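Undergrad: Attaching a predicted model along with its sequence, questions to come.
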Amino acid sequence: MAYGFKIMVEGDYACFTRPELKVERVSYDVPPPGALEGMLKSCYWKPSIKYTIDKIIVFNKIDFMNVRRNEVKEKVLLSAVKSQMNGKGGDPCIYTSESRSQRASMILKNVKYGIEFHFELTGLKNEREEDAEKKHYNIIKRRLEKGQWFRVPCLGCSEFPVKKIELVEDFNENLINKDILDMKDVDLGYMSYKVQFADGGKPINDDWENPEFSDRANTLYYRPHMINGVIDVRKYREGLRC
């Protein structure tokens, strides 16, 4: 049995980066399902469940703005962190004055989405309780109602946090912006669906206490249409391409 939810999500800014435009960030017009799954995982996640986005509704006008941001060109080396933890020295730091790079970004502003999703058990770290699905359902419902999360949910990039997440019984499609309705049927072209990791969420060393995961991954793409502001993700899921 799949337990489903409907939520309203709002934010001042969002950036769902197109993978084909890496130097200067350019956002998709609408959020990819994978980005919304990541947002939900910020509220609640366990290896034994997986989220699936079923429908996305775009309520506000699609409005872009250009900004310039300072970004760092490097990542902290895991080897340096381990070396310092073992007392062998190492410098697990990034000095922004030395690795800073200013880049332009085309981002979305004043976004509001309706998201319908469900979760299923993955079979990983199997729950002992017979009512495991119901247990996860109640936890997710409670956390969404109270606005709880263990890390700040974001809209694409981490510097664009979600302003509001609201659990709803149903969507009021009368609130969809007129400019969106006037667009009618929009072919969004091929866009990212999600990133699929080769390990399938299971440690490659079969050790959940000290897990090691694979970095190998493929991006799945799909070609959805937005009809009167509604993207029926379920309808296009069968056409996923790697």
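TA: Great, that's in hand.

Undergrad: shaky segments in the protein?
TA: Counting by pLDDT under 70, the chain shows low-confidence ranges at 1-2, 125-130, 242.

Undergrad: Kindly list the longest strand within it.
TA: Longest strand of the chain, by residue count under DSSP state E: strand 100-121.

Undergrad: Buried residues, that strand. List them.
TA: By neighbour count on 16 or more other C-beta atoms under 10 Å, the buried set for strand 100-121 is 105-109, 111-117, 119, 121. C-betas here are computed from N, CA, C, even on glycine.

Undergrad: any chance of those residues in CSV, plus distance to Lys164?
TA: Rendered in CSV, the data for those read as follows (distance: C-beta to C-beta, whole Å):
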residue, distance to Lys164
Ser105, 23
Met106, 24
Ile107, 18
Leu108, 16
Lys109, 15
Val111, 11
Lys112, 9
Tyr113, 11
Gly114, 13
Ile115, 13
Glu116, 17
Phe117, 17
Phe119, 21
Leu121, 29
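
Undergrad: can you name the two of those residues that are farthest apart?
TA: The two members of those with the most space between them (C-beta to C-beta) are Met106 and Leu121, at 39.0 Å.

Undergrad: The protein: strands as residue ranges?
TA: 3-14, 25-26, 49-58, 64-72, 100-121, 164-167, 185-187, 191-197, 217-222, 225-227, 230-231.

Undergrad: quick one: strands adjacent to the fifth one?
TA: When you say that, I think you mean strand 100-121. In the sheet, strand 100-121 lines up against strand 3-14 (antiparallel), strand 25-26 (parallel), strand 49-58 (antiparallel), strand 64-72 (antiparallel) (DSSP bridges).

Undergrad: Surely Tyr190 is in contact with Tyr221?
TA: Yes - the pair Tyr190 / Tyr221 is scored as a contact, 4.9 Å apart, by C-beta atoms under 8 Å.

Undergrad: quick one: common contacting residues for those two?
TA: Taking C-beta atoms under 8 Å, 6 or more residues apart in numbering as the contact rule, Tyr190 and Tyr221 both touch Arg241.

Undergrad: With neighbour numbers in mind, choose between those two.
TA: Using other C-beta atoms under 10 Å as the criterion, Tyr190 and Tyr221 rank with Tyr221 on top: 17 against 13.

Undergrad: Next, find the distance separating the more buried one from Glu116.
TA: To Glu116, Tyr221 is 21 Å away according to C-beta to C-beta, to the nearest Å.

Undergrad: got it, and Ala198?
TA: Ala198 is 29 Å from Glu116, where distance means C-beta to C-beta.

Undergrad: With Arg18 instead?
TA: Remark: distance between Arg18 and Glu116 (C-beta to C-beta) = 24 Å.

Undergrad: can you check Ile107 too?
TA: Using C-beta to C-beta, one obtains 25 Å as the distance from Ile107 to Glu116.

Undergrad: what's the answer for Val23, then?
TA: From Val23 to Glu116 the distance is 35 Å (C-beta to C-beta).
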